[in-house]
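S.K.: just a sequence and a predicted model for now, questions to come.
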Amino acid sequence: MKKTHIFLTLFAGLMAFTSCGAQKAAVKDTVTLPSASKATPKTAKADHLQSLAFVQRVSDQKVYAQNIVSSMTFTATMGDKEITVPGSLHMRRDKVIRLQLFIPLLGSEVGRLEFTPDYVLVIDRMHKEYLKGDYNQLDFLRDNGLNFYSLQALFWNQLFLPGTQKVGEGDLSRYTVKTGEMGTLRPITLQNGNMTFTWKADTASARILQTDVNYKSAAHGNSSLVWLYSDFKALGNKMFPATQSFSFTTTATKKTQKCTVRLELGKFKTDSDWEEQSTVSDRYKQMDVKDVFGKILSM
């Protein structure tokens, strides 16, 4: 399987997720409280405060760094095909998420995937082609108000609210938290239209270990994204997952498709001495966003 084809499939999957996850509809306050028949007002208030305190703890786990840079091992699986190559990850908060893939041993860059608040860029070094997509170029992305910041929160291991840039303290009561006896993981959920978001946080440490995003539509089929976090290491005075694995599954195409990507990060750095935006040589040929997206989704 061509490495750049993996990038394009990953691009399509993440774009499909983000388009669904960034609906402009307002998210209502949704903290779940026990019904009056099962609890007194005093108990309900105590449960509410307990839930709010846990969401606050989870929110407080986010790292303070503005830049995260690391080498990585990139593994992608689609069907019975799998590739594993070295790479690097560069992230600057609210600015860019960049994944680069290299040829093993030689170290030359073979492909680059870059997300910014304004566009997505895929560069194919081997064939001297690139794809640069303004989010407004695709109707269903534009109509659903696609939001870069939801995707950023997934890479940065944080909570998010669809259609917003960040989660403030005043937003924490919008999440539903399971009350009562707690196990190892405690789910935090958010419902928004056809989308259900679930963050599974460790009860003891309040770190997010898994994020599930599910989209159900009679017209567009079902899609799900499962993002796993493990191998937490120190980044400043916080902890950041050195291993992230995400799987995207959809029935929106002619047949069910699933793509899984695993990122195993090396030593973290927080330096800012690197380019924020990639430039493309005028010798590269530009691919049409709609054509590429359509071909992938019709597979």
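M.R.: Structure received. Since the structure is predicted, the reported quantities are computational estimates derived from the model, not experimental observations.
S.K.: so where do the helices sit in the protein?
M.R.: Shown for the chain, the helices assigned by DSSP state H span residues 3-21, 41-59, 139-143, 148-155, 289-297.
S.K.: so in this structure, which strand runs the longest?
M.R.: When the chain is scanned for its longest strand (criterion: DSSP state E), the result is strand 221-235.
S.K.: what's the angle between that one and helix 148-155?
M.R.: For strand 221-235 against helix 148-155, the angle by axes from the mean of the first three to the mean of the last three CA atoms, to 10 degrees is 60 degrees.
S.K.: so what strands line up beside strand 221-235?
M.R.: Partner strands for strand 221-235, per DSSP bridges, with pairing direction: strand 208-217 (antiparallel), strand 238-250 (antiparallel).
S.K.: what's the nearest residue to E114 if we skip its chain neighbours?
M.R.: Spatially, and ignoring its direct neighbours in sequence, E114 is nearest to L121 (4.2 Å; CB to CB, 6 or more residues apart in numbering). Quick note: C-beta positions are derived from backbone N, CA and C, even for glycine.
S.K.: residues in contact with the one you found?
M.R.: 112-114, 130-133, 278, 280 (CB atoms under 8 Å, 6 or more residues apart in numbering).
S.K.: cool, N237 as well?
M.R.: The contact partners of N237, by CB under 8 Å, 6+ apart, come to Y64.
S.K.: ok, it to A201 distance?
M.R.: Distance check for N237 against A201: by CB to CB, to the nearest Å, it reads 19 Å.
S.K.: just V69 next, same as before
M.R.: With the distance defined as CB to CB, V69 ends up 26 Å from A201.
S.K.: next: A219.
M.R.: Spatial separation of A219 from A201 under the definition CB to CB is 33 Å.
S.K.: with L105 instead?
M.R.: Taking CB to CB as the measure, L105 and A201 are separated by 40 Å.
S.K.: more neighbours, these two?
M.R.: A201 (23 against 7; other CB atoms under 10 Å).
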